[in-house]
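In: show me the folded form of this:
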Amino acid sequence: MESRYQTPEKEESHDNTESVERRSIFIVDDEEFIRKVLKTHLAKEGYDVIESPGGNRVYDDLNVANFDLVISDITMPEIDGYKVLEYVRSNMETVPVIMLTGLTDISIAIDIMKKGAFDYVMKPVKKAELLDTIKRALVYRDLLERNTELERQNKEYQFYLEDKVKARTKELSEKAVELKRANELLKEANMQFVGVMAETIEAKDTYTRGHCDRMKELCLKIGQLLKLSEEEMEVLEYATLLHDLGKVSTKEAILNKEGRLTEEELQHMREHSQVGEKILESITLMGPVARVVGSHHENFDGSGYPRGLKGDDIPLMARIISVADLFDAMHTTRPYRKGLGLDVIIEELKRVSGSQLDPEIVDIFVNEKLYE
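Out: Okay, here's the model as predicted:
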């Protein structure tokens, strides 16, 4: 025998190719007559109806059935409408509940709506009013179902996005580590290249042995006091080590000549700053270094070479190198003279401050005693 609580099946429409799902309504009332009347009205309107007399078995009845809406009497023995509503609201969040009430139960009906019932219908039940209330309740249920589905999809999408973000973040983090390591290796390779070039320069000019390393220490100290950025400090370091790169094209006889140079020899020597600049311009990422190298013999008052730049038009790092270069040139022994004492050197730096050298950098060099 077929159970009256069996889940209603979809009914095929003979007029359409698509099947239409019949809506199912669960009626709870301890009076059999009222259940029969309601079932008759609702069945004629195309609804599947499931009946329950209530009582202690009502929870079992609700659990085994599949339905879209509950219509329940309020005043019933054992299990009243309050408890039916509470159970449905707790276990079937999208199923609306319509309460049946008599005239004497109006205040109770209003109270039970505050507790979550969709609406109430007065007894004796009027068919038109009942059907209208059911239609509104089912529309409300469909909206709840749709909203629940959208929330579920949204949560799934959020989880998907979170997983994608985590995976992408991990990937980017790994790439960042690889890139950082690659940059470190590139920097090490560049520094090795710069070191080899500096040694090549000094090997040709026996009187400047160790000059580049001494210059580097002085220039980096000045750069730190001027609060240069990390990128600027890197350019300064490279430029300091390579500032005499152009001397690879200078004749050794001129580089190591004892005594003063002739005007022609001096002009040949002066070409080294532009030669070094051109060499570095042809190397990727060395553009900023090339400009500094090409400007390290410019004078603050515009009397230097090769372009006659003046003041702030001279790259700051080239102005730093000029101070350190002049100090080291005077402090070390050259082919044409012996190294000078610190007092003489400091006086000479002050004398050419503002003409040959940037006065701000000279002040820093002298006041901070970077020469000690």
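In: okay, helices next: where are they in this structure?
Out: Counting by DSSP state H, the chain has these helices, from start to end: 32-44, 58-64, 81-91, 106-114, 127-204, 211-225, 230-242, 252-255, 263-270, 272-281, 287-295, 316-331, 342-351, 359-367.
In: in the stretch 251-372 of the chain, where is pLDDT below threshold?
Out: Low-confidence segments of the stretch 251-372 of the chain (pLDDT under 70): 334-336.
In: what does the stretch 1-150 of the chain give?
Out: For the stretch 1-150 of the chain, the stretches with pLDDT under 70 are 1-21, 103-105.
In: for the helices of the chain, give me CSV that also has mean neighbour count and distance to residue 99.
Out: To be clear about C-beta, it is placed using only N, CA and C from the backbone, and glycine gets the same treatment. Formatted as CSV, the helices of the chain follow (neighbours: other C-beta atoms under 10 Å; distance: least, C-beta to C-beta, whole Å):
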stretch, mean neighbour count, distance to residue 99
helix 32-44, 15, 13
helix 58-64, 16, 15
helix 81-91, 18, 6
helix 106-114, 14, 6
helix 127-204, 12, 10
helix 211-225, 18, 82
helix 230-242, 20, 75
helix 252-255, 14, 108
helix 263-270, 13, 104
helix 272-281, 20, 89
helix 287-295, 23, 82
helix 316-331, 22, 85
helix 342-351, 14, 100
helix 359-367, 17, 89
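In: now the ones you listed in TSV, with distance to residue 303?
Out: As requested, the helices of the chain are exported to TSV (distance: least, C-beta to C-beta, whole Å):
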stretch	distance to residue 303
helix 32-44	107
helix 58-64	101
helix 81-91	93
helix 106-114	94
helix 127-204	26
helix 211-225	22
helix 230-242	22
helix 252-255	22
helix 263-270	13
helix 272-281	15
helix 287-295	14
helix 316-331	12
helix 342-351	14
helix 359-367	15
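In: who wins for proximity to residue 305 among those helices?
Out: Nearest to residue 305, of all the helices of the chain, is helix 263-270, at 5.4 Å by C-beta to C-beta.
In: restrict that closest one to CA atoms and write it as CSV.
Out: Provided in CSV are the C-alpha atoms of helix 263-270 (Å, rounded to 0.1, in the frame of the first residue of the first chain):
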residue,chain,number,x,y,z
GLU,A,263,99.6,70.5,-23.7
GLU,A,264,99.2,67.8,-26.4
GLU,A,265,99.7,65.0,-23.9
LEU,A,266,97.3,66.7,-21.5
GLN,A,267,94.6,66.9,-24.2
HIS,A,268,95.1,63.2,-24.9
MET,A,269,94.8,62.4,-21.2
ARG,A,270,91.6,64.4,-20.9
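In: show me what that helix is packed up against.
Out: Helix 263-270 sits against helix 252-255, with contacts defined as 3 or more C-beta pairs under 8 Å, 6 or more residues apart in numbering; DSSP states H and E.
In: from the chain's centroid, how far away is the helix it packs on?
Out: Once both centres are worked out by C-alpha atoms, centre = their mean, to the nearest Å, helix 252-255 turns out to sit 57 Å from its chain's centre.
In: repeat for stretch 222-229
Out: For stretch 222-229, the distance to the chain centre is 31 Å (C-alpha atoms, centre = their mean).
In: what is the end-to-end distance of it?
Out: Start-to-end span of stretch 222-229 (C-alpha to C-alpha, to the nearest Å) is 12 Å.
In: what of stretch 244-260?
Out: Distance across stretch 244-260, first residue to last, is 19 Å (C-alpha to C-alpha).
In: just the buried positions in it, please.
Out: For stretch 244-260, burial by neighbour count (16 or more other C-beta atoms under 10 Å) applies to 244-247, 250, 254-255.
In: and the two most separated of the residues you listed?
Out: Taking C-beta to C-beta as the measure, these span a maximum distance of 16.3 Å, between 245 and 254.
In: residue 254 and residue 268 touch, don't they?
Out: Yes: contact criterion C-beta atoms under 8 Å: residue 254 and residue 268 qualify, at 6.2 Å.
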